[in-house]
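**Q** here is the input, now give the coordinates:
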Amino acid sequence: MQKDIATPKRTKEILDKYGFSFKKSLGQNFLIDTNILNKIVDFAGVSEKTAAIEIGPGIGALTEQVAKRAGKVIAFEIDQRLLPILADTLSPYDNVKVIHQDILKADVENLIRDEIKGFEEVKVVANLPYYVTTPIIMKLLTEGLPLNSITVMLQKEVADRMAAKPSTKEYGSLSIAVQYYTKTETVMIVPKTVFVPQPNVDSAVIRLTVRDEPAVKVGDENFFFEVVRASFGQRRKTILNNLTSHLPEGKAKKAQIETALDAASIDPKRRGETLSIEEFGKLSDALLEIYPTSIN
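**A** Next comes the predicted model:
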């Protein structure tokens, strides 16, 4: 029986066998703790009914644990040097397919249609490269993919921002963007000591359960996000000042923006970080009276 990949000894053996050197530019930090990997798979709720998508499998440590439970695993790896290693380490698992492609350039919708058939659920499970965490998650959420959940390891600071509640320093446009599409929960904190090489920051595992419908119904989704971004333009400014500074013709439309804030029952002296996602929904719909078409 094959020994687990994610032990310090086995990881070193694999790296030495292939003369592999880490590329800092690709954010490569490999997990060497099987217990933590198993917890990630537990939190993701992977079963034989699951088709799992992994991003950045490295030498296959997490892939292996997912493959033991999932019906099928599709893993995207950008580093060509890792392909022969993965072919070796994952050879016992006939339910794994490694695709040499940048996930940010991939047509994931077509891939799901072509490669994942007959499964009850599609879940993303990954230890994400930290330098592209946010673009990857936003791609997965905004492309309307048939995903049930996304359970990923990322930088703790970014996880804190994604899961943040109103009136906290971490709360911002990223919190709202992620929570608009998902129920967001940080399920585990992971110390830097369980990686090789050790990163400079602690990590967290976040579970994003994709909503059947967005958290709030709005008249124009693009405009809603534009209003959110404008509201956090400068954190110390009031909502009124940010909107007049960061929306088109905002200064000329200041009186109309004040009227919209009043219609949404929002004090113009409040800061953006105090508004709930529901309040942002009301505000963007009220502002649509001023901007009847999307400003994107």
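**Q** give the partner strands of the least confident helix or strand in the chain by mean pLDDT in its sheet and their orientations.
**A** One helix or strand of the chain scores below all others by mean pLDDT, DSSP states H and E: strand 195-196, with a mean of 88. Here strand 195-196 is paired, per DSSP bridges, with strand 30-31 (antiparallel).
**Q** show the average pLDDT along the partner strand.
**A** When pLDDT is averaged over strand 30-31, the result is 90.
**Q** repeat that for stretch 218-226.
**A** Computed over stretch 218-226, the mean pLDDT rounds to 95.
**Q** residues of it that come out buried?
**A** Neighbour-count burial for stretch 218-226, counted by 16 or more other CB atoms under 10 Å, picks out 218, 220, 223-226. Where you see a C-beta, it was placed from the backbone N, CA and C, and this is true even at glycine.
**Q** off-centre distance for it?
**A** The chain centroid and the centroid of stretch 218-226 are separated by 20 Å under CA atoms, centre = their mean, to the nearest Å.
**Q** need the CA coordinates for it. PDB is fine.
**A** Provided in PDB are the C-alpha atoms of stretch 218-226 (Å, rounded to 0.1, in the frame of the first residue of the first chain):
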ATOM      1  CA  VAL A 218     -30.900  43.800  -6.800                       C
ATOM      2  CA  GLY A 219     -32.100  45.500  -9.900                       C
ATOM      3  CA  ASP A 220     -28.600  45.600 -11.500                       C
ATOM      4  CA  GLU A 221     -25.900  43.300 -10.300                       C
ATOM      5  CA  ASN A 222     -23.000  45.200 -12.000                       C
ATOM      6  CA  PHE A 223     -24.200  48.500 -10.500                       C
ATOM      7  CA  PHE A 224     -24.600  46.900  -7.100                       C
ATOM      8  CA  PHE A 225     -20.900  46.000  -7.000                       C
ATOM      9  CA  GLU A 226     -19.900  49.400  -8.400                       C
END
